[in-house]
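[1] sequence-free structure coming up:
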């Protein structure tokens, strides 16, 4: 009913972008800016399309160079097993190794926060409670034997309620799930990257 409006052209551009028809998306966003030059949303979307098209053009040029000169063909340098091993050491390291920086930092931050909370509830807080109980009201703090420290920590943990233990168990389950996901994802992603680069002969 009103095809030549900014809203319609933006919507058509969004659909074309989702279908990876980047040239059509570029044309629609450009038309939206012609209709309404001061349109930050359309300008941002046009920038995204131009960036994707530029990357695709650069990749095509590199592939053409490899076809013309097979000596420029590159083998994939990263190893899927190493990617999985890095994530085994700590969640997110494998994703960073695969150059998935946003995903890797997100996984790393989530796992680090969970680990710090678990350490606080299972180690630091009980130990601090035991230390306060062992500290005399007056005079210098006395040295607490290791056996008494362990016994005091166990007593502090015994005072946790059912809800606290459920939350701790949930935190452990989430951390383990994130850890396993990071290992499997890093390994499979590196495998996929290796197949794609080896097929094209250039780094993607």
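    On my side now, so go ahead. Owing to the predicted nature of the structure, the values given are computational and were not obtained by experimental measurement.

[2] Going by C-alpha atoms from here, please, whenever you check contacts or count neighbours.
    OK.

[3] Let me know whether residue 186 touches residue 84 as I believe.
    Yes: with contact defined as CA atoms under 8 Å, residue 186 reaches residue 84; the gap is 5.5 Å.

[4] Compare these two and say which is more crowded by neighbours.
    Looking at residue 186 and residue 84 with other CA atoms under 10 Å, you find the greater number of neighbours at residue 186, namely 31 against 27.

[5] shared neighbours, residue 186 and residue 84?
    Taking CA atoms under 8 Å, 6 or more residues apart in numbering as the contact rule, residue 186 and residue 84 both touch residue 94.

[6] Please, where are all the helices along this structure?
    For the chain, helices defined by DSSP state H occupy the ranges 6-18, 22-35, 40-68, 80-89, 93-97, 101-119, 125-134, 146-158, 162-200.

[7] Just put those in JSON lines and tack on mean pLDDT.
    JSON lines is the format used below for the helices of the chain (pLDDT from 0 to 100):
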{"stretch": "helix 6-18", "mean pLDDT": "91"}
{"stretch": "helix 22-35", "mean pLDDT": "88"}
{"stretch": "helix 40-68", "mean pLDDT": "73"}
{"stretch": "helix 80-89", "mean pLDDT": "95"}
{"stretch": "helix 93-97", "mean pLDDT": "95"}
{"stretch": "helix 101-119", "mean pLDDT": "94"}
{"stretch": "helix 125-134", "mean pLDDT": "61"}
{"stretch": "helix 146-158", "mean pLDDT": "61"}
{"stretch": "helix 162-200", "mean pLDDT": "87"}
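
[8] looking at those, which is buried most?
    Sort the helices of the chain by mean neighbour count, taking mean count of other CA atoms under 10 Å, and helix 93-97 sits at the top with a mean of 25.
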